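>>> pasting the structure only:
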């Protein structure tokens, strides 16, 4: 089975940007003397950056989400959500079913998972419609990367595991 693709950490991109700024600041005096060569290099760098953004969909998605989140934070006020509240007993049952982790078997997130409504209807709090996902997988579910049928299969798998654990007791 092939290894799942590794996700590049945000700290890596931050480091790349810092290094680029340091290199740029050291080249500003050189630029004044060699303007034509400098503009040529800049054009090549922009072409390479454009190609990398074009080639890697995950980078495009990340950049798009960052831009979208920034615009949301700048334009919109933080308003309390008017979504339907998931009752604590149902939340506990969903978390117990997924062993207090993300329902995605390929995810190794160790933090507290979030509750996701599979059919995207926040008033439909049936246990078959609720799944525990880490923040990253939760966002991917909203972005359509995980299909509704895939999420339903994860819930069924977790129910079977829960029943097997209860039968062993």
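Perfect, thanks for sending it. Treat the numbers as computed from the prediction; the structure is a model and nothing was measured.

>>> how about residue 101, phi and psi?
phi -140, psi -180 (degrees, to the nearest 10).

>>> same check, this time on residue 26
phi -80, psi -20.

>>> Just give me the neighbour total for it.
9 (other CB atoms under 10 Å). Yep, even glycine has a C-beta here, placed from its N, CA and C like the rest.

>>> what does the one 10 residues further on give?
Residues contacting residue 36 under the criterion other CB under 10 Å number 7.

>>> Tell me how far it lies from residue 133.
53 Å (CB to CB, to the nearest Å).

>>> swap in residue 72?
Counting by CB to CB, the gap from residue 72 to residue 133 is 21 Å.

>>> who's more crowded, the two?
Each of residue 72 and residue 133 has its neighbours counted (other CB under 10 Å); residue 133 has more, 25 against 10.

>>> Now do the phi/psi pair for the more buried one.
The phi and psi values for residue 133, taken as degrees, to the nearest 10, are phi -130, psi 150.

>>> Please compute how far the helix or strand residue 47 falls within lies from its chain's middle.
Under the criterion of DSSP states H and E, residue 47 resides in helix 35-55. Distance of helix 35-55 from its chain centroid, counting by CA atoms, centre = their mean, to the nearest Å, is 28 Å.

>>> so which strand or helix has residue 65?
Secondary structure (DSSP H and E) places residue 65 in helix 57-75.

>>> buried set for that helix?
Judged by neighbour count (16 or more other CB atoms under 10 Å), helix 57-75 contains no buried residues.

>>> Show the contacting residues for residue 50.
For residue 50, no contacting residues are found, by CB atoms under 8 Å, 6 or more residues apart in numbering.
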